[in-house]
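Chemist: give the three-dimensional model of this entry:
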Amino acid sequence: MDYKPFSGIDLDNSFFDSLKADYKEFETWFKKKQTDGSKAYIEIDKSTNKMVGFLYVKVEDGEINDVVPVLSAKRRVKAGTFKVDAHGTKYGERFIKKIMDYAVAENAEEVYLTVFSKHTGLISLISRYGFIPKATKITQNGTEQVYVKDMKLYTGNVLLDYPLIKKAGCKKYLLSIYPKYHTRLFPDSILNNESYDVVQDIAPTNSIHKIYICYMYGCANLKPKDLLLIYRTSDGKGPAKYRSVVTSVCEVQEIKTRRSFKNVEEFTKYSSAYSIFAEKELKEIWEQVDPKTNRPKQLYVIKMTYNAALGKRVINDDLKSKYGIGIALDTYWGFIPLTDDQFQNVLKGGNVNENIVVD
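Modeler: Prediction:
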């Protein structure tokens with residue numbers, strides 16, 4: 001995904017043909033944006049070199065009075081122009097995540113967009129993540145439904161609530177990931193203490209869902225809605241107390257074990273959808289044997305939603321000295337249960353936007 005000025009985007013690209021057909025004013029609007037310095041997110045499919053996604057977002061504070069019923073004044077993010085081809089791929093999710101990140105950064109109460117009923121793929125995509133029809137908009141172009149997502153509403157459904165996380169009623173853990181895997185799984189989680197800018201985040205593999213596979217015994221305790229602080233272990237380029245860092249916050253969607261799958265084919269099919277591992281790697285993981293028992297290793301497949309990157313990475317030294325995490329000499333840093341206070345303090349120390357946290 002690239003964040004580009006309209007002036008650098010070709011209006012004659014065939015990708016825009018359907019938008020021109022749906023909206024009579026589209027070309028005039030686009031050309032105006034090309035001259036006023038506006039930017040938009042675009043996605044190019046590297047295999048075909050074709051544009052497959054476009055998103056323009058903006059912040060609004062007034063009432064929406066050109067729809068029925070009128071929507072009262074709130075701070076909102078509007079996906080002013082949003083089109084994604086191939087809704088069955090992760091491209092659509094990348095754009096949904098970008099919209100959500102943008103809304104959280106802008107402290108928006110709601111996000112909305114208008115869509116014609118014929119665009120069933122887009123409606124299915126946004127509905128999955130909590131957008132519901134709230135109004136109707138009638139123009140010279142026809143009748144559109146106004147889909148709105150309440151950024152403050154928590155329902156208890158992991159997908160509908162995304163990116164919100166609820167602290168109460170769940171357990172919290174620190175989950176460690178080796179650098180070579182972390183870079184592939186969370187490529188937008190920069191590994192220093194500089195500010196993190198969600199608007200400029202253009203990581204190509206940024207997506208809502210992640211799958212991680214490990215052999216750590218403690219993961220057997222994981223349950224849906226449990227919260228994870230993702231901990232990237234040291235890369236060896238300096239002392240671990242400075243190079244090992246918490247980078248992200250995730251929510252467990254589901255957890256599976258070896259017994260969840262009939263065979264390696266079923267395991268590979270499930271895991272490959274959101275995993276960082278190639279098919280060959282997945283088969284190697286499945287075939288790992290415990291040298292003590294000479295039996296296949298127990299493995300844990302963790303499917304999680306990627307709710308937030310820490311604005312400031314929290315280093316190992318701070319985890320110990322400030323938050324009392326891992327201070328015992330025999331601490332196993334692979335998987336550590338956290339108290340509610342420890343979890344909350346790390347979020348605060350990492351500048352995680354408090355708007356995504358529900359008490």
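
Chemist: who does the lengthiest strand in the chain pair up with?
Modeler: In terms of residue count, the longest strand belonging to the chain (DSSP state E) is strand 300-315. Take DSSP bridges as the rule and strand 300-315 pairs in its sheet with strand 209-214 (antiparallel), strand 245-257 (antiparallel).

Chemist: can you pull out the helices in this structure?
Modeler: In the chain, the helices defined using DSSP state H lie at 17-22, 26-35, 91-105, 120-128, 158-161, 179-185, 240-243, 264-272, 279-287, 316-321, 340-349.

Chemist: how about residues contacting the longest one?
Modeler: For helix 91-105, the surrounding residues in contact (C-beta atoms under 8 Å, 6 or more residues apart in numbering) are 1, 41, 43, 45, 52-53, 55, 57, 77, 79, 82, 84-86, 111, 122, 125-126, 129, 151, 162-163, 198-199, 201, 206-209, 306, 308, 353, 355-356. From N, CA and C alone the C-beta is placed, and that goes for glycine too.

Chemist: in the stretch 1-150 of the chain, which spans are strands?
Modeler: Applying DSSP state E, counting those that start in this stretch to the stretch 1-150 of the chain gives strands spanning 2-5, 39-45, 50-60, 76-84, 110-115, 132-139, 142-150.

Chemist: in TSV: the ones you listed, plus distance to E254 and mean pLDDT.
Modeler: Output for the strands of the stretch 1-150 of the chain, formatted as TSV (distance: least, C-beta to C-beta, whole Å; pLDDT from 0 to 100):
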stretch	distance to E254	mean pLDDT
strand 2-5	32	92
strand 39-45	27	91
strand 50-60	27	94
strand 76-84	25	94
strand 110-115	26	97
strand 132-139	24	97
strand 142-150	23	97
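
Chemist: pull the helix or strand with minimum mean pLDDT from the chain.
Modeler: helix 179-185 (a mean of 82; mean pLDDT, DSSP states H and E).

Chemist: buried sites along that helix?
Modeler: Neighbour-count burial for helix 179-185 flags 179, 181-183, 185 (criterion: 16 or more other C-beta atoms under 10 Å).

Chemist: out of those residues, who's nearest Y323?
Modeler: The closest of the buried residues of helix 179-185 to Y323 turns out to be H182 (C-beta to C-beta; 20.5 Å).

Chemist: tell me the spacing between the closest one and D12.
Modeler: 41 Å (C-beta to C-beta, to the nearest Å).

Chemist: quickly name whichever of the buried residues of helix 179-185 is closest to I255.
Modeler: Of the buried residues of helix 179-185, the one sitting nearest to I255 (C-beta to C-beta) turns out to be L185, at 16.4 Å.

Chemist: was I right to think the closest one contacts I276?
Modeler: Yes - in this structure, L185 is within contact of I276 by C-beta atoms under 8 Å, at 4.7 Å.

Chemist: what touches both of the two?
Modeler: Here L185 and I276 share the contacting residues Y212, scored by C-beta under 8 Å, 6+ apart.

Chemist: give me the nearest residue to K171, chain neighbours excluded.
Modeler: D226 (4.9 Å; C-beta to C-beta, 6 or more residues apart in numbering).

Chemist: which residues does the one you found contact?
Modeler: Residues in contact with D226 (C-beta under 8 Å, 6+ apart) are 170-173, 251-252.

Chemist: which one of those is nearest E287?
Modeler: Nearest to E287, judged by C-beta to C-beta, of the contacts of D226 is V252 at 25.7 Å.
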